[in-house]
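below: sequence and its predicted model.
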Amino acid sequence: MAAFSYICDSVAVITMSNPPVNALSSALIRAVQKAVEEAIGDFAVEAIVIRGDKGKFSAGADIREFNRLERGPPLVSLIDLIEDSKKPVVAAIEGVALGGGLELALGCHYRIAHAQAYVGLPEVLLGLVPAAGGALRLPRLIGISATLSMITTGKYVQAREALKLGIVDKVVGENTVDEAIQLAKKVIGQPLGSRQLSTLPVQCPPNVEAFLDEAMVKVKKQFRGAQSPLACVEVLRAAVQLPYLEGKKKERELFQFLYTTDQTRAQQYAFFAEREVAKWTLPSGASWKTASPQPIRTAAVIGLGTMGRSIVTSLAKAKIPVIALEQDKKQLDIGSKAVMSLLDREILKMEQLGHTEFTNSLGPVQFTLDYGKLRDVDIVIEAVFENMALKKEIFRHLSGICKPEAFLCTNTSGLDIDEMASVTNRPQMVIGTHFFSPAHIMKLLEVVHGHYTSSTTISTAMRLAKMLGKVGVLVGNCPSFVGNRLMRLYVEQAVFLVEEGSKPEEIDRALEDFGLAMGPFRMMDLAGLDIGWKARTEIGLTGPKLPIGTPARQRGSKRYSPLPDILCEKGRFGQKSGQGWYKYEKSGGRNAMPDPWLYNFLSEYQRIHNLKTHYVTQEEIIERCLYVLINEGFKVLEDGIASGPEDIDVIYNNGYGWPKYTGGPMYYASIVGLPVVLTKLEKYYGANPDIPDLKPSSFLKKLVSKGNPPLKEWRSHLGFQSSML
Ligand SMILES: C/C=C(\C)C(=O)SCCNC(=O)CCNC(=O)[C@H](O)C(C)(C)COP(=O)(O)OP(=O)(O)OC[C@H]1O[C@@H](n2cnc3c(N)ncnc32)[C@H](O)[C@@H]1OP(=O)(O)O
């Protein structure tokens, strides 16, 4: 680690170096401070350029140090030193300038960025506010409105957009540091007053107080339950209402408060968990380090239904040329129009952000009915509907057509990967790539490892996830994999609670107040109730295959609720039919309204089945729905379907709208305390012995018996004998 300098024509060039992303650790901050002080005191130096080593300016404060630093990273005095310098200081931004990295650049008098660089203040994503003057300097440079959008979302801004906004002074295609040196030389001796952002007035919209009040309401709604976005609005209020130095105190106060919360700890955990899951290892010893991913230059997608369309869009956005195949002309026409419209929307979004070059950088999409066109692609993703016979037919067909090196992937959300692999001539190259809807937006890719899948295939699928800008999580092959396996029990519990006397809107509200993006009933209505109905009919849980005489509310020895089936029999499929658990203004409407019809229907149902209802508290809703899901999480670990709790948390944070500020279901359980979760499950199982999924898993019991070890130690208590990975 070093901040070293050289002098080039009276310009001192200070390089921040702390691989891999030049995170500003305390040691690096001290080293840069020393280098700046030396440059300021050196008569031979007339200007200063600050750059980051290996093409990256800085990814901000070193997050790994946060649990050691009581008061946060000591950045403020370094940034003040830079801004107060009488010698001009230029930031040469390559790669990234994020968080404290951008705050440091905002302390410089000029900023030059490489065209591929991006900047941002993502502290909010770690449950914090920018606290080294960033939230005070940025509104003085680009105004309150643009700053608000950046700091409450933590979004990264590409160099060209940063130029438009005024964050950087110039964007260059190459030689960023040389350009910075030239600029530094040019401005030697010029007054710096207007370049010292802390001295400038904040750029406010008219009626700024009302603007901020409105922003607060919006942010509360958008980031329900999260503390840091609210603190971001507060810090901007301070920027508006207070002189810079007092604003700084307020910024510090808000930061210090957030810095000790459970939310920031959970978000930091979630950040590292996302990086951890990329480092997969199999019990065989194969791992991300040893396996070599194969290049993916071209791809094909089979099936242009809802998922297929957005998978094509996702590939095109990642600049991967893609061939989209449908079975007949009509479906191909419908599908290709839908893809073009999704791509148009993406282009519009990017153009609004100033990326005029985006259209040209999309991967070309070719639509076809001809399997022969797939002969040379590197990877095929099958995305037809969930029917094993159809999928096997496609895989058999692909086997005969695709080049031997082509990987065959399925987007199934829960069918057996091995069964599909078994009909191919390359079972080792078959893998599940389970996308989440809409695939061009959602960040999660569940990568499902079958019995035959090779480590090269795994590493190629994980590389694909990265190329698509997604988080790939490797899981084992079991019905519904990890995400849906847990989700099914959560939804089922919610339906049981309705049978027991609660209402869909009460359950949705309780879980949305907990922080989930959408409650289970709104989610079912959005996804379409008919999808689950079809699946249950196919496996004989309902419909003609159900043996005559099966009790309505029992399957085997387990409780079963036929409520969703009955709604479907009545044509209530959710949003698409205008009625489901809720009613909607029209078919396809999105505005869920409680439906008096449903209340009457439920009373009648409870009467027919002689059900005793009880008042279901918010506590019971949260605990039964979430603890049953968490309990299944422990079983998934026990079964070796996921290699650690982090994998489950990353899946839920990125694919199921779980509030990241609780870390994910398994992290949340660790915070609640495993003995508490165990006691509650025992209580609910005792009261509902016909719901065996509430019976505490043996791994949960084992961890409690081991004294409730911290989450990072859970793996060490797992035996790998049963690993499916
Ligand atoms: C107060 C708070 C202040 C002043 C702050 O600045 S808070 C920090 C704000 N910055 C961020 O939140 C940036 C977070 N990092 C990223 O968004 C990304 O890592 C990246 C865009 C910088 C790079 O992305 P990518 O190329 O995909 O690589 P990885 O994400 O896998 O990261 C590579 C390794 O670097 C580690 N890393 C990244 N950022 C930091 C950081 N700020 N502090 C410490 N370590 C960081 C990351 O964990 C990876 O480590 P390994 O897994 O390889 O060990």
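On my side now, so go ahead.

domain map for the chain?
The chain breaks down into these domains under automatic domain parsing: 2-260, 299-478, 501-608.

can you list those in CSV and add distance to A273 and mean pLDDT?
The way it works is simple: take the backbone N, C-alpha and C, and place the C-beta from them, glycine included. Below are the domains of the chain laid out as CSV (distance: least, CB to CB, whole Å; pLDDT from 0 to 100):
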stretch, distance to A273, mean pLDDT
domain 2-260, 13, 96
domain 299-478, 9, 94
domain 501-608, 17, 96
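
any idea which of those domains gets closest to the ligand?
Nearest of the domains of the chain to the ligand, taken as CB to the nearest ligand atom: domain 2-260 at 2.4 Å.

re earlier: including mean neighbour count and distance to E632, could the domains of the chain go into a markdown table?
Converted to a markdown table, these look like this (neighbours: other CB atoms under 10 Å; distance: least, CB to CB, whole Å):
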| stretch | mean neighbour count | distance to E632 |
| --- | --- | --- |
| domain 2-260 | 20 | 24 |
| domain 299-478 | 19 | 11 |
| domain 501-608 | 17 | 14 |
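
and of these, who's closest to I641?
Using CB to CB as the measure, domain 299-478 is the one of these that comes nearest I641, at 4.1 Å.

what distance separates the start and the end of that closest one?
Separation of the first and last residues of domain 299-478 by CA to CA, to the nearest Å is 26 Å.

that domain and the ligand, are they touching?
No: on the criterion CB under 6 Å from any ligand atom, domain 299-478 is out of touch with the ligand, staying 7.4 Å away.

and that domain, how far from the chain's centre?
Its chain's C-alpha centre and that of domain 299-478 lie 20 Å apart, by CA atoms, centre = their mean, to the nearest Å.

model confidence score at P283, please.
What the model reports as pLDDT for P283 is 83.

helices of the stretch 551-700 of the chain, residue ranges please.
Applying DSSP state H, counting those that start in this stretch to the stretch 551-700 of the chain gives helices spanning 563-569, 596-608, 618-638, 645-655, 665-672, 674-687, 698-705.

out of these, which gets nearest to P321?
helix 645-655 (26.4 Å).

where does the stretch 151-300 of the chain come near the ligand, residue by residue?
So the stretch 151-300 of the chain meets the ligand at R275 (CB under 6 Å from any ligand atom).

residue of the stretch 151-300 of the chain nearest the ligand, please.
Closest point on the stretch 151-300 of the chain to the ligand, by CB to the nearest ligand atom, is R275, at 3.8 Å.

helix, strand or coil: sort out that residue for me.
Under the three-state scheme (DSSP: H, G, I helix; E, B strand; the rest coil), R275 adopts helix.

what does D344 give?
On the three-state scheme (three-state DSSP), D344 is labelled helix.

okay if I get the domains of the chain as JSON lines plus distance to P293?
Output for these, formatted as JSON lines (distance: least, CB to CB, whole Å):
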{"stretch": "domain 2-260", "distance to P293": "19"}
{"stretch": "domain 299-478", "distance to P293": "4"}
{"stretch": "domain 501-608", "distance to P293": "32"}
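
tell me which of the ones you listed lies nearest to N654.
Taking the domains of the chain one by one with CB to CB, domain 299-478 is closest: 4.0 Å.

what comes up buried for stretch 289-300?
Within stretch 289-300, the residues scored as buried using 16 or more other CB atoms under 10 Å are A291, P293, Q294, I296, T298, A299, A300.

any idea how far apart the tips of it sit?
End-to-end span of stretch 289-300 (CA to CA): 28 Å.

equivalent analysis for stretch 316-324, please.
Stretch 316-324 end-to-end distance (CA to CA) = 11 Å.

how about stretch 164-172 as PDB, C-alpha atoms only?
Provided in PDB are the C-alpha atoms of stretch 164-172 (Å, rounded to 0.1, in the frame of the first residue of the first chain):
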ATOM      1  CA  LYS A 164     -23.600  16.500 -18.300                       C
ATOM      2  CA  LEU A 165     -24.500  16.900 -14.600                       C
ATOM      3  CA  GLY A 166     -21.300  18.900 -14.000                       C
ATOM      4  CA  ILE A 167     -19.600  16.500 -11.700                       C
ATOM      5  CA  VAL A 168     -16.600  16.200 -13.900                       C
ATOM      6  CA  ASP A 169     -15.000  19.000 -16.000                       C
ATOM      7  CA  LYS A 170     -13.900  16.900 -18.900                       C
ATOM      8  CA  VAL A 171     -14.200  13.300 -20.300                       C
ATOM      9  CA  VAL A 172     -11.300  11.800 -22.200                       C
END
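
could you list the residues in contact with that stretch?
93, 102, 110-115, 119, 138, 141-142, 146, 157, 159-160, 162-163, 179, 183, 354 (CB atoms under 8 Å, 6 or more residues apart in numbering).

what does stretch 367-376 give?
298, 300, 323-329, 332, 335-336, 339, 366, 380, 397-398, 401-403, 406.

if you set the cut-off to 6 Å instead, what comes out?
The set of residues external to stretch 367-376 that reach it, using CB atoms under 6 Å, 6 or more residues apart in numbering, is A300, I323, A324, L325, L332, S336, I401, C402, K403.

quick one: secondary structure of the residue nearest to the last one when sequence neighbours are not counted?
Distances taken as CB to CB, 6 or more residues apart in numbering place D376 nearest to K403, at 5.9 Å, with adjacent residues excluded. Counting by three-state DSSP, the backbone at D376 sits in coil.
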